[in-house]
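1. Task: produce atomic coordinates for the following.
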Amino acid sequence: MSKNLRDFTKAVYTMDAVVNRVPQDAWDNDSPCEGWTARDVVGHISGVFNAGADMIASGEMVPPRPVQDVPDPQAVWASARDKMLAALDTPDTLQREGNFWFGPMSVDQLISVVLWDPLTHAWDVGTATGVDPKLDAGLAQSAFDTVSSMRDGLAKMGLIGEATPVADDAAIVDRYLALVGRNPAS
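-> Numbering: from 1, shown residues only. Have a look, this model is predicted:
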C-alpha cells in the first residue's frame, strides 16, 4: 500500500466518521459552501467518488456529477465510498495510468491530488451540523502541500475558494482550511 493510498483512505474514513454522526434533523443546515446544505455537500462528494471510481476503472476522463437526489445522505455516501474503495482495491490499480481530471497521471498520483476533497468536505459537513470532524494534522499537511502547488489552477476551476487570512503560526489544519477558502475560526 502506498502512502498516498493510506492517506486517501484515512481522509475517506474521516468523511465517513462525520457523515455517520450527523443528526438526521441537521442535513438541511447551511454548509460553509455557499448555497449548499450539508446534504448538498454529501451529494457533491458522492458524485466525485462515483466518477472517480468509474475513471479509475476505465482510465478515461469521467466528469463528476453531484448526486441530485439525496433522501438518505448516509446511504448515498456509503454507496459512493464503497464504490471508490472497491475501485482502488483492484490489483495493480495504483500504477495504472490514465487521463484523469488533472491530466495524465497514475491512479496513485490522482488520489494524492484529490485527498483534499474528502478532508475539506468532512470539515464542511461537520461545521454545518455541529459534528467535530477531528481533522488529522498529517493529512492536513499532505493536502496543504498538494493544494499549495496547484492553488491557482484549482481556484480558476472553481474547485476551491479564495484563501482566507490565518496567522502564519496557526496549526496546519487551520492553515490548510484557510488555503482552500474556509474560515477555520467558524
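
2. hey, let's count contacts and neighbours off CA atoms from now on
-> Will do.

3. In this structure, what residue spans correspond to strands?
-> In the chain, the strands defined using DSSP state E lie at 97-100, 103-106.

4. I'd like to know which elements the last one is packed against.
-> Just to be clear, that refers to strand 103-106. With contacts defined as 3 or more C-alpha pairs under 8 Å, 6 or more residues apart in numbering; DSSP states H and E, the packing partners of strand 103-106 are strand 97-100.

5. Report the distance from the strand it packs on to the chain centre.
-> Between the centre of strand 97-100 and the centre of its chain there are 19 Å (C-alpha atoms, centre = their mean, to the nearest Å).

6. and it, which strands flank it?
-> In the sheet, strand 97-100 lines up against strand 103-106 (antiparallel) (DSSP bridges).

7. Grab the CA positions of the strand it pairs with and hand them over as PDB.
-> This file holds the C-alpha atoms of strand 103-106, laid out as PDB (Å, rounded to 0.1, in the frame of the first residue of the first chain):
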ATOM      1  CA  GLY A 103      -4.100  15.400 -16.700                       C
ATOM      2  CA  PRO A 104      -2.200  12.200 -17.500                       C
ATOM      3  CA  MET A 105      -1.100  10.500 -14.200                       C
ATOM      4  CA  SER A 106      -1.200   7.300 -12.300                       C
END
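
8. list the buried ones in it?
-> Met105, Ser106 (16 or more other C-alpha atoms under 10 Å).

9. what's that strand in contact with?
-> With contact meaning C-alpha atoms under 8 Å, 6 or more residues apart in numbering, strand 103-106 is reached by Leu94, Gln95, Arg96, Glu97, Gly98, Asn99.

10. Show me the helices in this protein, by range?
-> Assigned by DSSP state H, the helices in the chain fall at 3-19, 38-58, 73-88, 107-114, 116-129, 137-156, 172-179.
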